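Visitor: The following block contains a protein sequence and its predicted model.
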Amino acid sequence: MPRRMRLDAGKLSALAARPGVDTRVWLTLAVVTELGFDPGEGLFADVRFVPGGEEETAYFGTTYAGNGWGEHSPLAKDDLILVAVPGGDPALGCIIISRWNSKADKPPAEFGDGDEPSKDRVLRIEPGQSLRIYVSQGSKVSIVAEDVSTIELGAEGLIPIQDGVLNGKAIDPFTGLPHWLLGNSSLVVTAKKGP
């Protein structure tokens, strides 16, 4: 197998610099060196470009963000990331746009079986972390499953419900009647009112 050469795009562009040649870096691999949060500006990280070694501060781009709402999947120190450099000018603000699994950060087993990737959408939370969903006033969380025979929610112990209502029903697709009425399933809901 031929040996792969690793090119330093920054050094290569500097060598080729002449009128009419764009030497700016627009996308680059980087490693997270430090993490930060500013309540007014959001999530950011100090990064070191790979392989050039330049150090910059980059905002953490997310798939869902707005004024007081958004989504956050934490970065960690030493994560390998892809950084966009708008206009090729780090002074305009670098943006972290992606990270991925590797031999050092293996994907969860649920992502695939053997050589085949999973056809399911999978979210596995890192041990010690929590999945928290906050809903703004006037919004709601709905789980709608049409033509699905099983919805499984599991937890050790009780699931506390604070100042809310938990409703559940299952409809038989052939008769249109609730399963509990047909006697082929049972529903036990334990709700604990918050303080």
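Guide: Thanks, I have it. Numbers count the residues shown, from 1 in each chain.
Visitor: Dihedrals phi and psi, Pro39?
Guide: For Pro39, the backbone dihedrals (degrees, to the nearest 10) come out as phi -60, psi -30.
Visitor: likewise the one 10 residues further on?
Guide: As for Phe49, its main-chain torsions (degrees, to the nearest 10) stand at phi -60, psi 140.
Visitor: And Ile143, by the same measure?
Guide: phi -120, psi 110.
Visitor: and it, how many residues sit next to it?
Guide: Other residues lying near Ile143 total 6 when counted by other C-beta atoms under 10 Å. No exception for glycine: its C-beta is placed from N, CA and C like everyone else's.
Visitor: How about the contacts made by it?
Guide: With C-beta atoms under 8 Å, 6 or more residues apart in numbering as the criterion, the residues that contact Ile143 are Ile151.
Visitor: and the gap between it and Gly128?
Guide: For Ile143, the distance to Gly128 equals 26 Å [C-beta to C-beta, to the nearest Å].
Visitor: Who are the packing partners of the top strand by length along the chain?
Guide: Determined from DSSP state E, the single longest strand within the chain is strand 27-38. Counting contacts by 3 or more C-beta pairs under 8 Å, 6 or more residues apart in numbering; DSSP states H and E, strand 27-38 packs against strand 42-50, strand 55-60, strand 80-84.
Visitor: Need the per-residue pLDDT for Phe111.
Guide: Phe111 carries a pLDDT value of 92.
Visitor: Contacts only, for it.
Guide: Contacts of Phe111 by C-beta under 8 Å, 6+ apart are 101, 117-118, 122.
Visitor: before we move on, the earlier item: okay, the helices and strands packed on strand 27-38 in JSON lines with mean pLDDT next?
Guide: Formatted as JSON lines, these follow (pLDDT from 0 to 100):
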{"stretch": "strand 42-50", "mean pLDDT": "94"}
{"stretch": "strand 55-60", "mean pLDDT": "95"}
{"stretch": "strand 80-84", "mean pLDDT": "95"}
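Visitor: of all those strands, which lies closest to Leu35?
Guide: In terms of C-beta to C-beta, the element of these nearest to Leu35 is strand 42-50, at 5.2 Å.
Visitor: With mean neighbour count and distance to Ser139 added, can I get the helices and strands packed on strand 27-38 in CSV?
Guide: As requested, the helices and strands packed on strand 27-38 are arranged in CSV below (neighbours: other C-beta atoms under 10 Å; distance: least, C-beta to C-beta, whole Å):
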stretch, mean neighbour count, distance to Ser139
strand 42-50, 19, 21
strand 55-60, 18, 24
strand 80-84, 18, 31
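Visitor: quick one: the helices in this protein?
Guide: Ranges of helices in the chain, per DSSP state H, are 9-15, 179-182.
Visitor: partners of the longest strand of the chain in the sheet?
Guide: Partners of strand 27-38 in the sheet, by DSSP bridges, are strand 42-50 (antiparallel), strand 80-84 (antiparallel).
Visitor: Thanks a lot, catch you later.
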